[in-house]
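Engineer: sequence below, structure please.
(one chain, ligands or ions: 1)
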Amino acid sequence: MAEILKVMTISGSLRKKSIHTALAQHLMKSHYQHCEFLSFEINTLPLFNEDLEQDGYPTPVARWQQSCREVDALIFLTPEYNQGIPGTLKNAIDWLSRPYGSEQYRKLSIGVINGVPGQLPGRYAAANLLHSLSQLSDRVFEQPLLLTQIYNIFEDAEPTSTTADLIKIWTLSFLRFTETMRANV
Ligand SMILES: Cc1cc2nc3c(=O)[nH]c(=O)nc-3n(C[C@H](O)[C@H](O)[C@H](O)COP(=O)(O)O)c2cc1C
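Structural biologist: Residues are numbered from 1 along each chain as shown. Here you go, the predicted model:
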């Protein structure tokens with residue numbers, strides 16, 4: 001029997017009515033064969049500061065790092081802020097990059113979802129994020145899911161069928177990538 005793939009979703013938006021968090025919650029509720037979704041809330045992480053490393057990592061950071069060691073894949077859902085990614089998300093990635101040179105997440109598959117309110121796909125956040133993530137892992141899924149007009153993609157707290165289809169197609173392809181990578185050890 002195929003082993004379960006554990007996939008952790010991380011939303012880069014902290015606001016209560018975040019579309020990206022709603023998309024992460026939609027993934028958590030979706031059913032994909034041999035796949036379990038988990039989530040991590042990065043608002044618990046302190047701002048990165050090398051001084052905080054001196055006496056061992058602060059508890060939320062240790063939890064974040066440990067959680068990433070226990071899964072096969074991460075999906076980052078990032079808004080675009082000022083043509084980049086939210087500082088909260090960059091902060092979470094900076095903590096994962098420590099201790100310097102440990103290379104412990106190189107086999108983690110990582111995917112990226114970005115939505116923008118406009119009619120054209122976002123050009124910056126996903127590209128910035130993929131660039132930073134390539135520092136962490138050799139298994140970054142280079143094709144992000146780019147959603148547009150995100151204030152119209154939910155109806156009654158569920159994604160419209162078109163959006164749900166797009167998410168499903170992308171997720172299946174990301175899971176296949178993760179499985180292939182895992183088989184390569
Ligand atoms: C500080 C800030 C900067 C933003 N910059 C951009 C931007 O550069 N490009 C863009 O398409 N949208 C930008 N937006 C709009 C966000 O894409 C939009 O607020 C989105 O809904 C945020 O995701 P969320 O619903 O998950 O919070 C910005 C929003 C904020 C709050």
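Engineer: what residues does this structure have near the ligand?
Structural biologist: 13, 15, 18-20, 79-83, 116-118, 122, 150 (Cβ under 6 Å from any ligand atom). (Each C-beta comes from the backbone N, C-alpha and C, glycine too.)
Engineer: PyMOL command to pick out the buried ones of those?
Structural biologist: Applying 16 or more other Cβ atoms under 10 Å to the residues of the chain next to the ligand, the buried members can be selected in PyMOL as follows:
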select buried, resi 13+18+19+20+79+80+116+122+150
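Engineer: what residues are up against residue 109?
Structural biologist: Residue 109 is in contact with 72, 73, 74, 137, 139, 140, 141, 174, 177, 178, 181, 182, counting by Cβ atoms under 8 Å, 6 or more residues apart in numbering.
Engineer: can you rerun that using 10 Å?
Structural biologist: Residue 109 sits next to 5, 7, 71-75, 137-141, 174-175, 177-182 when contact means Cβ atoms under 10 Å, 6 or more residues apart in numbering.
Engineer: from those residues, which ones fall inside helices?
Structural biologist: Counting by DSSP state H, the contacts of residue 109 place 174, 175, 177, 178, 179, 180, 181, 182 in helices.
Engineer: are any of the residues you listed buried, and which?
Structural biologist: Buried members of those, counted by 16+ other Cβ under 10 Å: 174, 175, 177, 178, 179, 181.
Engineer: sec struct for the spatially closest residue to the first one that is not a sequence neighbour, please.
Structural biologist: Taking Cβ to Cβ, 6 or more residues apart in numbering as the measure, residue 174 lies nearest to residue 111, with 4.4 Å between them; neighbours along the chain are not counted. In terms of secondary structure, residue 111 is strand; the call rests on DSSP: H, G, I helix; E, B strand; the rest coil.
Engineer: thought residue 111 was touching residue 7?
Structural biologist: Yes - the pair residue 111 / residue 7 is scored as a contact, 8.5 Å apart, by Cβ atoms under 10 Å.
Engineer: what sits in contact with each of the two?
Structural biologist: Common neighbours of residue 111 and residue 7 (Cβ under 10 Å, 6+ apart) are 73, 74, 75, 171, 174, 175, 178.
Engineer: surely the fifth one meets residue 110?
Structural biologist: In this case it means residue 174. Yes - the pair residue 174 / residue 110 is scored as a contact, 9.3 Å apart, by Cβ under 10 Å.
Engineer: shared neighbours, the two?
Structural biologist: Contacts common to residue 174 and residue 110, judged by Cβ under 10 Å, 6+ apart, are 73, 75, 141.
Engineer: can you give me the helices in this structure?
Structural biologist: Applying DSSP H to the chain gives helices spanning 19-29, 59-69, 87-96, 125-133, 161-183.
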